[in-house]
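Participant: Below is the sequence, then the predicted model.
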Amino acid sequence: MIITQKRYLFGDDFTLSRLAIDGIGSISCPYILEDAVREIPGLPVEQWKVPRETAIPVGRYRVEINISKRFGKRMMQLLDVPGYSGIRVHAGNTSHDTEGCLITGRERDEKHGEVSGSRVARDVLFSRIENALMVGEPVWWIVSGLPEGVKNA
């Protein structure tokens, strides 16, 4: 399974993306909300990252479902994200709920950088990923998109 997250709206403190699974737009989880993108390609993460307030770097990440020590339950996690640890996909509504993680949404408010229907979207996505993993299918999450004008260092 390949999950593609294409960033399209870059606010001062949030980023909105559209989600597709195996090339098909997701009806039940069409949006992802993140913190602001601060990435400067070519520079190490520690030079541009603001802890708990920065979207993860563009890239391709393996996805697992495992027990979160912080939340004490099974959750989706992106692995081997440069400069980050514990990147989860979970429910929330605003960039204040992210702390660097990815927030699922069924609807979005582009003006305020918020999503709604987050729990339902998360549950559907969780189920799809869990089913793929249970049959031995690897799950990859691809993040693309940087704000216009971002240049390599």
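Facilitator: Looks like it came in fine.
Participant: gap between the residue nearest in space to the middle of the chain and Ile56?
Facilitator: For the chain, the residue lying nearest the average C-alpha position, counting by Cα atoms, centre = their mean, turns out to be Leu102 (3.3 Å). When distance is defined by Cβ to Cβ, to the nearest Å, Leu102 is 8 Å away from Ile56. Where you see a C-beta, it was placed from the backbone N, CA and C, and this is true even at glycine.
Participant: Would you state the helices of this protein in chain order?
Facilitator: 118-134 (DSSP state H).
Participant: pLDDT-wise, which helix or strand of it ranks last?
Facilitator: Of all regular secondary-structure elements in the chain, judged by mean pLDDT, DSSP states H and E, the least confident is strand 24-25 with a mean of 93.
Participant: List of residues touching that strand?
Facilitator: Contacts to strand 24-25, defined as Cβ atoms under 8 Å, 6 or more residues apart in numbering, come from residues Arg18, Leu19.
Participant: let's go with 7 Å and repeat that
Facilitator: Arg18 (Cβ atoms under 7 Å, 6 or more residues apart in numbering).
Participant: That strand: how far from the chain's middle?
Facilitator: Between the centre of strand 24-25 and the centre of its host chain there is 16 Å, according to Cα atoms, centre = their mean, to the nearest Å.
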